[in-house]
Structures are given as structure tokens and as C-alpha cells.
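**Student:** coords please:
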Amino acid sequence: MGGDFGPSVTLAACRRFLEAHPQAQLLLVGKPEALAALDHPRARVVAASEVVTMDDPVEVALRRKKDSSMRVAIEQVKDGAAQAAVSAGNTGALMAIARYVLKTMDGIDRPAIAGRMPDFKGGGTTMLDLGANVDCTPEHLLQFAVMGSALVSVLDDIESPSVGLLNIGEEAIKGNEIIKKTGDLLRSAAKSGDLNFYGNVEGTDIYQGVVNLIVCDGFVGNVALKASEGLAHKISETLKNSFTRNIFTKLAAFFAYSVLSDFKDKVDHRRYNGAALLGLNGIVFKSHGSADEVAFETALNRAYDAANHNLLERVRSRLVHAAPLLSLEPLQQVTN
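**Tutor:** Alright, predicted model coming up:
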């Protein structure tokens, strides 16, 4: 029910997803009359009488709209009726409800939002946090690194993903005290075999594909995310308008079109849609609110892959191994 376009986009994406995954089943959560358009033997409607709007404060979504489609969807995960939930709705509300309903994993203070950023190689670099936690301690950033490594290993099939710490320079002496302390923790994690720590990376490295995973606080991560989306949008608009001006711009566009078009495909945000809410006792993915059906299907695909490859168990296993560094009591391995 969420996002800028609601069922007109999400249902079309669901149909595409079901056609591509003959073993998958979907629970469509929301107002039945709005979801009736998707009549499919592997799709079932779960009724919810309320909808969290993009403008709803977190308190309203959490305490007043207890029968919202967002909350009911996450309750399906808690109850075991679904293995993952995907929403294009209000990000703050989704995080608050997911944390309230599912609770955080042992050893995790704060859940984080992890998504993929495009790189010039045509692949993607996973980055977290993308906006859930503006102020972070070094211990929080270490937790993000451990969880993010599990996510990359599952979705990108990389057993020991390289981890970079976003900083204002590559040297270990650069950055504020929080970043310096985080670097020390990540280097200790590398020595104990908990992480494959590459070292500090700079903003330009995000798009170069230097590492598989970049760790930062949510303020910096969200700025980088919005800048990336703005760049992709500007390139798309440039391509759209390039042949509508005078003869000189048309001529320039003719020679530059293939290069710009190739670059546009590489940074197309639809190919990277779907950010994981890591640190919860359940799999929840956030789709961009402005996602079209291609982008929302991408988010569904990522959630499906995460569930199929036991993301939760991979995260828990890494947390168990890293428990001494996280200053935690030894964690018990949790199994299905």
C-alpha cells in the first residue's frame, strides 16, 4: 500500500516477481479492494484496515495505526507466516515498527539500513548506515560492519567481503576521534578473523568499487545516497532532453549519447533498489518510495534471496564469532 504510487506499481511488480520465481508465494497486505487486481494462485491477500502515510509521524504509525498494512506485514514475519517483508512506505515508521515488533538481535544496539550504491564497473557497493542512525559510537559502526559483511556474503556470494571505513582520507591518522577509534576496532576485528578490513576509503571510492562494503554513520550515508540518486536523475533528464535543443546540442548529444547511456545504465537506481534493515529478528527490506515496478521487483528479489540464503543465521553466526570484540557476553547460536 505504500510508496508514492501504491498498488498501481507494487502489484505490477509482484506479478513480474511471481512469474520469475515459480516457487515463491506472496502475501499482499492492505485493503482488499485495492489489492484485488492481482489474481494469482500464489498470491494471497491479508487484510489491513489502515495505511501509514509518508507524512505520518513515527508515533502515529507505531501507537495509533495498529492495523496498518505496514505493521500487519511485519507481524507476518514475526509469526512465521512470511520469511521476509518488503515495503515502499515511510522509512522512519518502518524502522520503528519493525524494531518494536521483531526486536533487535542479541548483541545489536541499533538496527541499520544497508543498501547498494552503483559503481562505474557496473556492479554495486553495499553501504550502511543509510539514514537510521545519525549519531554512532565506534561500537555501533563495528556492529554495522559485522552485519553488513553477512549481508554481502549472502546476496553477492562473497565469502569474505572487503570492508572500508568511510573517512576524509586513507591514512589511519585522519578523521575525528570516533572514526579513529572505529578504525582501531575494525583492525582488531581483522586480526581475529571477524572481518576483511581494507582500511579507510574516501567518498570517490564509493563509485569505484574499491571495496564490497562501506561503513559510515547514517548522516553521511544518507547524504551519499541522495547525491547518488540526484546524479542518476540528472543524467536521465540530460539524455531525455539532449535531442530537443538546437543543432549544436543535438550534434554533441549524438556523439555523447552512447557514453551517457551506458553510464546511466550503470547508475540506474532501479538496479540497486531494496535496502535491508539489519539487526532485527526478521528480514525486512525497504524499497524507495518513488520506485517504479522494475525497482520494486528488484527489492522483492533481494528480500527473496536473503530469505533463501539464510541471512539471519549468517548474521547471528558472525555476531557469535565477534562477541568478544563487541564487548558482549558469549552469544548462543540460534538455529531454525
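
**Student:** so for stretch 34-45, mean pLDDT?
**Tutor:** Stretch 34-45 shows a mean pLDDT of 96.

**Student:** got it, and stretch 164-178?
**Tutor:** Stretch 164-178 comes out with an average pLDDT of 93.

**Student:** now do the end-to-end distance for it.
**Tutor:** Separation of the first and last residues of stretch 164-178 by C-alpha to C-alpha, to the nearest Å is 15 Å.

**Student:** where in this structure is pLDDT low?
**Tutor:** The model of the chain has pLDDT under 70 over residues 231-268, 327-336.

**Student:** that one: helices as residue ranges?
**Tutor:** Secondary structure of the chain, counting by DSSP state H: helices at 7-20, 32-35, 58-59, 69-78, 91-102, 138-155, 177-191, 218-241, 247-267, 293-308, 311-322.

**Student:** and the ones you listed: which comes nearest Val211?
**Tutor:** When these are compared for distance to Val211 using C-beta to C-beta, the nearest one is helix 138-155, at 9.8 Å. The way it works is simple: take the backbone N, C-alpha and C, and place the C-beta from them, glycine included.

**Student:** now that closest one, how far from the chain's geometric center?
**Tutor:** Centroid separation for helix 138-155 versus its chain: 12 Å, with C-alpha atoms, centre = their mean, to the nearest Å.

**Student:** and among the helices of the chain, the most buried is which?
**Tutor:** Mean neighbour count (mean count of other C-beta atoms under 10 Å) peaks for helix 138-155 among the helices of the chain, with a mean of 24.

**Student:** and the angle from it to helix 311-322?
**Tutor:** Counting by axes from the mean of the first three to the mean of the last three C-alpha atoms, to 10 degrees, helix 138-155 lies at 130 degrees to helix 311-322.

**Student:** in this structure Ile108 contacts Leu277, no?
**Tutor:** No: counting by C-beta atoms under 8 Å, Ile108 stays clear of Leu277, with 11.3 Å between them.

**Student:** returning to what we had before: got TSV for the helices of the chain, with distance to Tyr198 too?
**Tutor:** Formatted as TSV, the helices of the chain follow (distance: least, C-beta to C-beta, whole Å):
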stretch	distance to Tyr198
helix 7-20	34
helix 32-35	45
helix 58-59	35
helix 69-78	33
helix 91-102	28
helix 138-155	11
helix 177-191	9
helix 218-241	17
helix 247-267	22
helix 293-308	24
helix 311-322	17
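
**Student:** out of those helices, nearest to Met117?
**Tutor:** When these are compared by C-beta to C-beta, helix 218-241 sits nearest Met117, at 5.6 Å.

**Student:** quick one: Leu210 and Gly199 touch, right?
**Tutor:** Careful, residue 210 is Val; it's not Leu. No: Val210 lies out of contact with Gly199 (C-beta under 8 Å); the separation is 9.8 Å.

**Student:** so what sits against both of these two?
**Tutor:** With contacts defined as C-beta atoms under 8 Å, 6 or more residues apart in numbering, the residues shared by Val210 and Gly199 are Gly164.

**Student:** tell me, how many neighbours does Arg63 end up with?
**Tutor:** Per other C-beta atoms under 10 Å, the neighbour tally for Arg63 reads 11.

**Student:** in this structure, which residue is most central in space?
**Tutor:** Geometric centre of the chain, nearest residue: Ala275, 1.3 Å, by C-alpha atoms, centre = their mean.

**Student:** next up, the contacts around that residue.
**Tutor:** Ala275 makes contact with Ile113, Ala114, Gly115, Leu130, Phe285, Lys286 under the criterion C-beta under 8 Å, 6+ apart.

**Student:** quick one: contacts for the last one?
**Tutor:** For Lys286, the contacting residues are Val86, Ser87, Ala88, Thr91, Leu94, Ile113, Gly115, Gly274, Ala275, Ala276, Leu277, Ala299, taking C-beta under 8 Å, 6+ apart as the criterion.

**Student:** ok, what's across the strand from it?
**Tutor:** Under DSSP bridges, the beta-bridge partners of Lys286 are Ser87, Ala275.
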